[in-house]
Structures are given as structure tokens and as C-alpha cells.
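Student: Let's see this in three dimensions:
(one chain, ligands or ions: 1)
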Amino acid sequence: MLLQENIPLAPLTTIKIGGPAKYFVDASSIADVQEAVSFSRSRDLPLFVLGGGSNLVVADAGWPGLALKIAIPGIDQASSPDEDAKVHFDVGAGESWDKFVSRAVVARCAGVECLSGIPGSVGGTPVQNVGAYGQEVSDTIAAVQVLDLKDGQIRELCREACEFSYRTSIFNSTQHGRFIILRVTYTLTPGGKPHIAYADLKRQFAGRDTPPDLSETREAIRYIRALKGMLIVPGDPDGQSAGSFFKNPVLSGEQHEDLKVRAAARRLTVPSYPALETHQKISAAWLVEHSGFAKGYGSDRVGISTRHALAIVNRGGATAADVVTLKEQIQQRVQEIWGIRLEPEPVMVGF
Ligand SMILES: Cc1cc2nc3c(=O)[nH]c(=O)nc-3n(C[C@H](O)[C@H](O)[C@H](O)COP(=O)(O)OP(=O)(O)OC[C@H]3O[C@@H](n4cnc5c(N)ncnc54)[C@H](O)[C@@H]3O)c2cc1C
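Tutor: Numbering: from 1, shown residues only. Okay, here's the model as predicted:
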């Protein structure tokens with residue numbers, strides 16, 4: 001294990017903001033992870049587990065303890081011994097998520113093609129149950145191998161034990177901070193058809209005689225994401241972000257009625273979708289845009305993406321304090337106008 005000191009974290013994040021970690025370890029094996037955990041405990045240092053840095057904002061003061069980057073590699077593919085004829089991919093937490101999706105698509109295995117182009121690591125995907133264009137990783141995760149910091153044991157958690165829901169799991173809620181994810185097993189369908197459910201995606205293939213294959217679907221998703229500035233492309237002025245900054249609110253029937261009344265008073269209709277049987281999911285982007293924060297809003301340091309109302313972008317030289325100020329302005333305005341408290345999606349580190 002190579003222990004480093006005073007390592008800048010900003011370059012290890014997609015929004016490129018934040019101060020240094022007092023200690024830093026890049027762990028490419030389980031032994032490294034265990035050694036790093038022992039070190040942090042022996043010094044009584046706070047531990048932060050870093051993946052691809054695509055869903056976080058690090059404070060300007062940095063992280064006062066050990067930042068442990070999980071870099072465990074490996075993509076192993078095996079046919080299921082069961083009759084379900086599925087293919088299991090056992091993937092190291094440090095692998096790039098999009099590299100894994102590409103491997104799955106090339107192997108003609110369906111189940112993650114709509115999650116093409118999402119940055120970050122494989123180990124980051126179970127944490128907030130990553131999802132896009134009608135797929136979530138919880139659809140295909142069979143098991144998650146973890147180091148349990150409670151007792152130092154390595155465990156295999158089945159899908160049910162992870163308690164996945166919209167942008168949540170035990171890893172970012174009830175058991176936050178307890179587990180370090182080491183490997184994830186995905187169960188994919190060989191020869192399966194791509195999942196074409198979202199309007200954006202259907203439009204891409206409108207008028208075709210033959211249905212798209214997995215590879216065409218992957219390319220279409222990456223194309224749509226690039227149009228929205230949601231694909232990391234070097235040099236893209238909207239590219240330095242943490243993705244969507246707010247979760248889509250899920251409202252009870254009563255809350256939804258209140259929102260509809262507020263919208264009607266402004267002669268507006270709120271886009272909403274059924275969720276959790278009795279609830280409605282609201283577009284956070286719509287709420288932001290209808291609260292005075294149009295695409296492109298902001299200063300020359302920090303603002304809203306010119307192509308996606310939910311992405312807060314570091315336009316160059318932004319600090320974490322700038323981001324927090326804008327986040328709070330947006331939350332306050334949305335609350336005042338729509339009576340809804342927007343919940344941030346990225347993890348705030350060291351605040
Ligand atoms: C341009 C862009 C587009 C995006 N689009 C989407 C999208 O469509 N859908 C979506 O769901 N998300 C999206 N995201 C958010 C982000 O890419 C995902 O949440 C991603 O899975 C985060 O993984 P990461 O490895 O970068 O995690 P990090 O940002 O490094 O960490 C995020 C959290 O996960 C924890 N964590 C990371 N790895 C581990 C591990 N091995 N063990 C335990 N905890 C860990 C961290 O401690 C932290 O709390 C987008 C982000 C960007 C920048």
C-alpha cells in the first residue's frame with residue numbers, strides 16, 4: 001500500500017473542485033483496502049471512500065483524514081450454471097462503469113445498455129442505484145461484495161439486502177459509511193433486446209424498419225447524453241459538473257395536489273410520472289427552470305449548464321463555496337415558489 005500525503009482531490013473529481021486529502025491511498029487490491037482501513041483506525045482518522053469522483057463536491061478545505069480511492073480491477077464473465085441462461089459479470093469496484101457497459105454490449109448481453117456514458121466507477125453504482133433512460137443497476141445487480149467496517153469481515157450482500165430504491169440503497173442511507181464495496185456481480189441477458197422505453201430514445205429510432213441492437217442503443221444514448229452535456233467530453237464548456245445536482249422529488253398525492261394548484265395559478269402544468277404506486281415523481285429540472293434559473297444562468301465561475309437545467313457547472317476557477325451558494329439559492333427559490341425542498345444528489349465531502 002502506498003500512503004501519500006496532502007494529495008489534491010479536485011483533479012480526481014468531475015467538477016474539479018475541492019482541497020487536498022491529508023492522506024491518500026489508491027487501493028488496487030482487497031489487501032490494500034484492509035491496510036488503509038487499519039491505518040486510518042490506528043491514527044483515528046476520518047475515512048472517505050472515493051470512486052470516480054463523479055457524484056461529489058469536495059469542500060475547499062479538503063478532507064482532514066484518509067481518502068481511500070478504490071481501484072480494484074477486473075471484469076470476469078461467466079455463464080450461469082442455472083437454467084436461466086443468464087451471464088454473470090463479476091466486476092472490480094475500481095473498473096470504469098462505462099468500460100464495463102461497453103464490454104457487456106460487445107458481448108451482446110442486455111441489461112445495462114441504457115446506462116451507457118455515465119461516468120464513475122463500478123463500485124459507485126450500487127451506492128445511489130444509478131439509473132437513466134429506464135434502467136437502474138438494481139435491475140441487474142445480483143450481489144455486492146463488501147468489506148464490513150463494523151467487524152472487518154468480507155461479505156456478499158444479495159440484491160434484496162441492498163434495499164435499492166430511486167437513487168438510494170443501504171449504502172447511502174441506513175448503513176451509510178459501514179461498507180466498502182469491493183466487487184459487484186451483474187446478471188445480464190445474452191442475446192437480449194435493448195430497453196427502448198424513454199421518449200428521447202424512441203425518437204432516435206423513429207421510422208426504422210428494424211429494431212435497434214444493443215450497440216446502436218448504446219451509441220444513441222451516448223449521443224443524446226452528449227447533446228445534453230451529460231457525457232464527459234474533454235473541452236466541453238458544460239463538462240465540469242457532478243451530473244444532475246438535484247434528485248427528482250417523489251411526492252405523495254396530497255403534496256402533488258398542492259403543487260398542481262400552485263402551477264395552475266401560474267397557468268402551468270407540472271410534468272409528473274407515477275412512482276411507488278401511490279406517488280408522483282416530478283421533474284426537478286422543470287422546477288429549477290420555473291424558479292428563475294434558466295439554462296446558462298450564473299457567473300463566469302459557476303452556473304447552470306447551458307444544456308441541462310439540473311447540472312451545476314464549474315466554468316473555471318469555481319470554489320466549493322460558490323457551488324454551495326448557488327445550490328442554496330436554487331433550493332430556497334424552489335421552496336418559496338413550489339413548496340418543495342430539492343434534495344441534492346451529489347455527496348458533499350468535508351463540509
Ligand atoms: C456528466 C455526469 C452524468 C451523470 N449521469 C448520471 C445518470 O444518468 N444517472 C445517475 O444515477 N448518476 C449519474 N451521474 C452521477 C454519477 O456518475 C454516479 O452516481 C456514479 O455512479 C458515481 O460513481 P463514482 O465512482 O464516481 O462515485 P464517487 O463520486 O467517487 O462517490 C459517490 C459516493 O459513493 C461512495 N462510493 C464510491 N465508491 C464506493 C465504494 N467502492 N464503496 C463504498 N462507497 C463508495 C462515495 O463514498 C460517495 O459517497 C452523472 C455524473 C456526471 C458527472
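Student: Sticking with the residue lying closest to residue 27 once chain neighbours are set aside, tell me its helix or strand.
Tutor: For residue 27, ignoring the flanking residues on the chain, the nearest one in space by C-beta to C-beta, 6 or more residues apart in numbering is residue 33 at 4.6 Å. Just so you know, the C-beta spots here come from the backbone N, C-alpha and C atoms, and that holds for glycine as well. Applying DSSP states H and E as the criterion places residue 33 in helix 30-42.
Student: Can you list the neighbours in contact with that helix?
Tutor: Around helix 30-42, the neighbours that count as contacts under C-beta atoms under 8 Å, 6 or more residues apart in numbering are 1, 3, 23, 25, 27, 45-47, 65-66, 68, 70, 72, 147, 149, 152, 154, 180, 182.
Student: For the residue nearest to residue 27, grab the count of nearby residues.
Tutor: Around residue 33 sit 23 other residues, with neighbours defined as other C-beta atoms under 10 Å.
Student: Show me what the residue of the stretch 251-351 of the chain found nearest the ligand is bridged to.
Tutor: Closest to the ligand within the stretch 251-351 of the chain is residue 347: 3.9 Å, counting by C-beta to the nearest ligand atom. Residue 347 has these beta-bridge partners by DSSP bridges: residue 56.
Student: Let me see the contact set for it.
Tutor: Residue 347 touches 55-57, 172, counting by C-beta under 8 Å, 6+ apart.
Student: Need the three-state assignment for residue 258.
Tutor: helix (DSSP: H, G, I helix; E, B strand; the rest coil).
Student: ok but residue 333 is inside a strand, no?
Tutor: No - according to three-state DSSP, the state of residue 333 is helix, so it is not within a strand.
Student: Correct me if wrong: it contacts residue 289.
Tutor: No - if you go by C-beta atoms under 8 Å, residue 333 and residue 289 don't touch, sitting 11.2 Å apart.
Student: Contact partners for the residue most central in space within the chain?
Tutor: Nearest to the mean C-alpha position of the chain, by C-alpha atoms, centre = their mean, lies residue 130 at 5.1 Å. Going by C-beta under 8 Å, 6+ apart, residue 130 touches 97, 115, 118, 120, 124, 136-137.
Student: Just the ones of those in helices?
Tutor: Of the positions in the contacts of residue 130, residue 97 sit in helices, assigned by DSSP state H.
Student: Of the contacts of residue 130, which belong to strands?
Tutor: Among these, DSSP state E puts residue 136 in strands.
Student: would you turn the contacts of residue 130 into TSV with neighbour count, pLDDT and distance to the ligand?
Tutor: Listed next are these as TSV, based on neighbours: other C-beta atoms under 10 Å; pLDDT from 0 to 100; distance: C-beta to the nearest ligand atom, whole Å:
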residue	neighbour count	pLDDT	distance to the ligand
97	26	98	6
115	26	98	7
118	25	98	5
120	22	98	3
124	28	98	2
136	20	97	8
137	27	98	8
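Student: Give me the neighbour count for the closest residue to residue 341 other than its chain neighbours.
Tutor: Excluding its sequence neighbours, the residue lying closest to residue 341 (C-beta to C-beta, 6+ apart) is residue 335, at 5.5 Å. Using other C-beta under 10 Å, residue 335 has 14 other residues around it.
Student: got it, and residue 216?
Tutor: Applying other C-beta under 10 Å, we find 17 residues neighbouring residue 216.
Student: Just the element for it, please.
Tutor: helix 214-227.
Student: Check whether that helix comes near the ligand.
Tutor: No - Helix 214-227 does not reach the ligand (C-beta under 6 Å from any ligand atom); its nearest approach is 7.2 Å.
Student: ok, the very next helix or strand once past that helix: who's next to it in the sheet?
Tutor: As assigned by DSSP H and E, the chain's next helix or strand after helix 214-227 is strand 241-244. Next to strand 241-244 in the sheet, as set by DSSP bridges, lie strand 311-314 (antiparallel).
Student: export the strand it pairs with as CSV, just CAs?
Tutor: Extracted in CSV, the C-alpha atoms of strand 311-314 (Å, rounded to 0.1, in the frame of the first residue of the first chain):
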residue,chain,number,x,y,z
ALA,A,311,-26.3,20.4,-13.8
ILE,A,312,-24.3,23.0,-11.8
VAL,A,313,-21.1,23.6,-13.8
ASN,A,314,-17.6,24.8,-12.7
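Student: which residues are contacting that strand?
Tutor: The contact list for strand 311-314 (C-beta under 8 Å, 6+ apart) reads 15-17, 229-230, 237-245, 298, 301-305, 323, 326-327.
Student: in that strand, what's buried?
Tutor: 311-314 (16 or more other C-beta atoms under 10 Å).
Student: same deal with stretch 162-172?
Tutor: For stretch 162-172, a neighbour-count test (16+ other C-beta under 10 Å) marks 162-164, 166-172 as buried.
Student: first to last residue in that stretch, what's the distance?
Tutor: 10 Å (C-alpha to C-alpha, to the nearest Å).
Student: now do stretch 44-51
Tutor: Note: stretch 44-51 ends 22 Å apart using C-alpha to C-alpha.
Student: which residues touch residue 216?
Tutor: Residues counted as contacts of residue 216 (C-beta under 8 Å, 6+ apart) are 194, 205.
Student: Show the pLDDT at it.
Tutor: On pLDDT, residue 216 comes in at 97.
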